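Participant: Just to be clear, the model below is a prediction. Sequence and coordinates:
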Amino acid sequence: MKTIIAASVLLTACTTSMSTGSNEPVMLTAAPSGSHVMLTLMNHGDAAIGYNLCTSALQRRDPNDWVEVRTDEVCTMELRTLQPGAAATFEKTLPSNLQPGTYRYVTSVEKPVGGARVIAATDSFKAG
């Protein structure tokens, strides 16, 4: 089921588990390979979640925090549904002018009923 929405979402990379707070754990992983990163979102919960991996945000680690990196990607703002036990993948292209550093992707997932939103982040990885 696809629903067009207007929402802002962040980028992600590597592996971090996060829970929506109601027994719906999600895991976002990133597999960097040259100038591309394959993102995989897994729904280990017992309810469907909404997602759009295209709108995942790339972040660079600075000394104090994670800072979003502009990528100039164009994405449709649709909300897709990921059923319990299912996984979805999406390939991201890293910007060609990426500075050397530590990066991750973050993405937003939500419960289609009730709208609870959670941010999932990948483990960090070196790029640039």
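Facilitator: Here it is on my side, so go on. If you're wondering where the values come from, they're calculated on a predicted model, not measured in any experiment.
Participant: worst-scoring helix or strand of this protein, pLDDT-wise?
Facilitator: When each helix and strand of the chain is scored by mean pLDDT, DSSP states H and E, strand 3-4 comes last, with a mean of 32.
Participant: Three-state assignment for the closest residue to residue 87 other than its chain neighbours, please.
Facilitator: Nearest non-adjacent residue to residue 87, counting by Cβ to Cβ, 6 or more residues apart in numbering: residue 42, 4.5 Å away. Glycine gets a C-beta too; all of them are placed from N, C-alpha and C. Look at residue 42: counting by DSSP: H, G, I helix; E, B strand; the rest coil, its state is strand.
Participant: isn't residue 42 right up against residue 26?
Facilitator: Yes - using Cβ atoms under 8 Å, residue 42 is in contact with residue 26, at 6.7 Å.
Participant: Looking at the two, which has the bigger crowd around it?
Facilitator: residue 26 (22 against 19; other Cβ atoms under 10 Å).
Participant: Kindly provide the distance from the more buried one to residue 86.
Facilitator: 11 Å (Cβ to Cβ, to the nearest Å).
Participant: for residue 65, same thing?
Facilitator: 33 Å.
Participant: neighbour count winner among the two?
Facilitator: For residue 65 versus residue 86, the count of surrounding residues by other Cβ under 10 Å is larger for residue 86: 13 against 8.
Participant: Without its sequence neighbours, what residue ends up closest to that one?
Facilitator: With Cβ to Cβ, 6+ apart, the residue lying closest to residue 86 is residue 43, at 5.6 Å.
Participant: re the thing from before, who's in contact with the residue nearest to residue 87?
Facilitator: 26-29, 86-87 (Cβ atoms under 8 Å, 6 or more residues apart in numbering).
Participant: any common contacting residues for residue 26 and residue 86?
Facilitator: 42-43.
Participant: Which of the helices or strands spans the residue most central in space within the chain?
Facilitator: Centroid-nearest residue in the chain, with Cα atoms, centre = their mean: residue 107, separated by 2.9 Å. Using DSSP states H and E, residue 107 falls within strand 101-110.
Participant: Noted, bye for now.
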